[in-house]
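Peer 1: quick one, fold the following:
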Amino acid sequence: MNNKEIVFLVLILIMGCGSEEPAPRDWPIHSGDDVLEHVDTVPDLGDPQDFIVLGDTTMYLVDWAINGLHRYDLQSDSLSEGTGFGQGPGEINREANYFLASLSETDIWLHDHGNRRITVYNRNLEPSNQTSISGVLRSIPVSDSTFATVPFNGDVLADLRPFRPDLDRIEAEDTTSTIWTYPVRNQDPFQEAGRNLALQYGPMTACGGEVVTAFDYASYLARIDTEGVHIMDSTPEHIAFPVDPDLPDEPWVRMPNWFNPRGTLDVACNNDFIYALFSGESVSRSRVRTLDLSGRLTAAKRAELRAQIEQSDRLHVYDRDDGAFLYEVQLPVKARQVAATEDHLYLLVHKEEDVEIAQYSWVANPTTKNDQPS
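Peer 2: From the prediction side, this is the model:
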């Protein structure tokens with residue numbers, strides 16, 4: 001063992017190799033086997049990155065392995081040809097960040113970070129509108145007349161902008177088009193996080209007149225509407241934003257590492273409820289060290305770590321009207337993403353070499369608020 005390894009192991013002993021016992025969960029927890037019934041499975045997926053479901057009949061998903069954005073008919077189990085990868089009209093960038101949303105019953109919104117543009121498709125995936133947008137990490141429609149953008153600047157959580165149906169060119173630097181902006185600094189609960197870029201990442205979902213967003217490395221949820229950003233403070237398990245006082249106060253501050261607890265992996269909603277796929281998991285420094293003494297993770301080891309912290313079987317359920325936390329559901333499987341309709345829950349599940357989207361119906365719950373599991 002060389003001197004560097006000895007020093008590293010001493011640091012591990014000082015910082016603690018073991019993990020603390022998790023705090024007891026003293027809120028209602030219901031078994032997924034009691035409240036959910038498996039209905040169907042969309043099998044043989046390649047590498048899906050995002051998906052939405054419209055009316056329990058049609059699913060739209062971005063898949064890196066099978067030619068872009070697709071439409072999947074849940075009734076006939078048929079998959080469309082796909083948009084393809086590239087920079088042409090309707091094509092999407094390969095291996096970039098995407099955000100899918102339903103703009104209406106007939107239009108699909110896609111923010112393509114790699115191509116720096118927003119494309120609106122009809123339900124047959126024919127592009128009807130397209131615009132360039134720069135300096136923006138994510139965008140998502142709030143209503144049929146406004147949309148929210150998340151800039152790269154760590155000082156701003158979100159900007160609200162007017163949406164033009166013809167999608168005239170939008171420049172991120174054009175502040176005259178901004179309806180409101182939500183700065184992070186001096187705003188609880190973000191003031192300690194400062195320029196931590198964890199604020200800019202995390203799941204978002206369009207919820208008919210508002211957007212619900214969460215954070216990868218904190219347990220907060222927030223609702224965005226035409227009035228501004230409203231923090232939901234009823235999360236049952238508190239995970240604060242990771243703050244490293246030794247990092248410089250610069251916009252390129254690194255993302256949190258494996259050792260920080262994960263927050264919400266994905267969010268979904270229907271008319272009555274908000275669903276948060278919550279993690280709370282982390283990987284200890286000693287675990288990373290054990291997997292690879294050289295400090296460089298192989299693809300297999302990295303996949304093992306990602307499986308531990310990027311999937312969860314914990315679903316937090318909130319009241320859509322007032323944002324109050326209601327209960328937790330212990331899902332039958334661990335999932336990476338979630339989508340919801342009025343009657344069904346959809347889970348993106350990785351099973352060894354297979355990837356599938358499982359459809360569940362609610363047996364004891366969420367079609368009405370008066371019919372919650374006891």
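
Peer 1: does L137 lie in a helix or a strand, and which?
Peer 2: L137 belongs to strand 136-141 when elements are defined using DSSP states H and E.

Peer 1: strand partners of that strand, parallel vs antiparallel please.
Peer 2: Partners of strand 136-141 in the sheet, by DSSP bridges, are strand 146-151 (antiparallel).

Peer 1: below-threshold pLDDT in the stretch 251-374 of the chain: ranges please.
Peer 2: 251-255, 292-295, 365-374 (pLDDT under 70).

Peer 1: which stretches of it form helices?
Peer 2: Ranges of helices in the stretch 251-374 of the chain, per DSSP state H, counting those that start in this stretch, are 285-291, 299-309.

Peer 1: can you put the ones you listed in a markdown table and add mean neighbour count and distance to D155?
Peer 2: (C-beta placed from N, C-alpha, C; glycine too.) Formatted as a markdown table, the helices of the stretch 251-374 of the chain follow (neighbours: other CB atoms under 10 Å; distance: least, CB to CB, whole Å):
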| stretch | mean neighbour count | distance to D155 |
| --- | --- | --- |
| helix 285-291 | 16 | 30 |
| helix 299-309 | 14 | 27 |
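
Peer 1: you'd agree Q130 is up against Y121?
Peer 2: No: Q130 is not in contact with Y121 according to CB atoms under 8 Å; the separation is 9.4 Å.

Peer 1: so what's in contact with those two at the same time?
Peer 2: Applying CB atoms under 8 Å, 6 or more residues apart in numbering, one finds that Q130 and Y121 are jointly contacted by G90.

Peer 1: higher neighbour count, those two?
Peer 2: Y121 (23 against 16; other CB atoms under 10 Å).

Peer 1: check which element follows the helix or strand encompassing that one along the chain.
Peer 2: For Y121, the element it lies in under DSSP H and E is strand 117-122. Next along the chain after strand 117-122, taking DSSP H and E as the criterion, comes strand 127-132.

Peer 1: report the beta-bridge partners for L221.
Peer 2: A214, M232.

Peer 1: run a quick neighbour tally on it.
Peer 2: Counted with other CB under 10 Å, L221 comes out at 27.

Peer 1: quick check: it touching T213?
Peer 2: Yes: L221 lies in contact with T213 (CB under 8 Å); the separation is 7.2 Å.

Peer 1: so what sits against both of these two?
Peer 2: What both L221 and T213 touch, as defined by CB under 8 Å, 6+ apart, is the set V267.

Peer 1: picking that back up, for G55, which of the helices of the stretch 251-374 of the chain is the nearest?
Peer 2: Among the helices of the stretch 251-374 of the chain, helix 299-309 comes nearest to G55, with 32.0 Å by CB to CB.

Peer 1: helices or strands next to that closest one in the packing?
Peer 2: helix 285-291 (3 or more CB pairs under 8 Å, 6 or more residues apart in numbering; DSSP states H and E).

Peer 1: circling back to that earlier point, now the angle from the strand holding L137 to strand 117-122?
Peer 2: Here the directions of strand 136-141 and strand 117-122 differ by 30 degrees (axes from the mean of the first three to the mean of the last three CA atoms, to 10 degrees).

Peer 1: any idea of the mean pLDDT in strand 136-141?
Peer 2: The average pLDDT within strand 136-141 is 90.

Peer 1: what comes into contact with that strand?
Peer 2: 97, 99, 101, 103, 109, 111, 113, 116, 118, 133, 147-152, 163, 172, 200-201, 204-206, 211.

Peer 1: buried subset of those residues?
Peer 2: Buried members of these, counted by 16 or more other CB atoms under 10 Å: 99, 101, 103, 109, 111, 113, 116, 118, 133, 147-151, 163, 172, 200, 204-206, 211.

Peer 1: let me know the pLDDT of A172.
Peer 2: On the pLDDT scale, A172 is placed at 46.

Peer 1: stretch 51-60: end-to-end distance?
Peer 2: 5 Å (CA to CA, to the nearest Å).

Peer 1: check stretch 317-328 too.
Peer 2: From its first residue to its last, stretch 317-328 covers 6 Å (CA to CA).

Peer 1: return the set of buried residues in that stretch.
Peer 2: By 16+ other CB under 10 Å, the buried positions in stretch 317-328 come out as V317, Y318, R320, G323, F325, L326, Y327, E328.

Peer 1: check which helix or strand covers the residue nearest to the fifth one when sequence neighbours are not counted.
Peer 2: Excluding the flanking residues, the one nearest F325 by CB to CB, 6 or more residues apart in numbering is S234, at 4.3 Å. Taking DSSP H and E as the definition, one finds S234 inside no helix or strand.

Peer 1: try I224
Peer 2: strand 218-225.

Peer 1: which strands and helices sit next to that strand?
Peer 2: strand 156-162, strand 211-215, strand 228-232, strand 264-269, strand 273-278.

Peer 1: give the buried residues for the first one.
Peer 2: Within strand 156-162, the residues that qualify as buried by neighbour count (16+ other CB under 10 Å) are V156, L157, A158, D159, L160, R161.

Peer 1: ok, residues contacting it?
Peer 2: Strand 156-162 has contacts (CB under 8 Å, 6+ apart) with 142, 145-151, 170, 177-184, 190, 199-200, 213, 222, 224, 226, 228-229.

Peer 1: go on, the third one?
Peer 2: Contact with strand 228-232 is made by 157-158, 160, 180, 182, 188-189, 220-224, 318, 323, as judged by CB under 8 Å, 6+ apart.

Peer 1: ok, which pair from those residues is furthest apart?
Peer 2: Among the contacts of strand 228-232, W180 and Y318 lie farthest apart (CB to CB), at 24.1 Å.

Peer 1: list the contacts for the residue lying closest to V243 once chain neighbours are set aside?
Peer 2: When the adjacent residues along the chain are set aside, V243 lies closest to E192, with 5.1 Å between them (CB to CB, 6+ apart). Shown in contact with E192 (CB under 8 Å, 6+ apart): A240, F241, V243.
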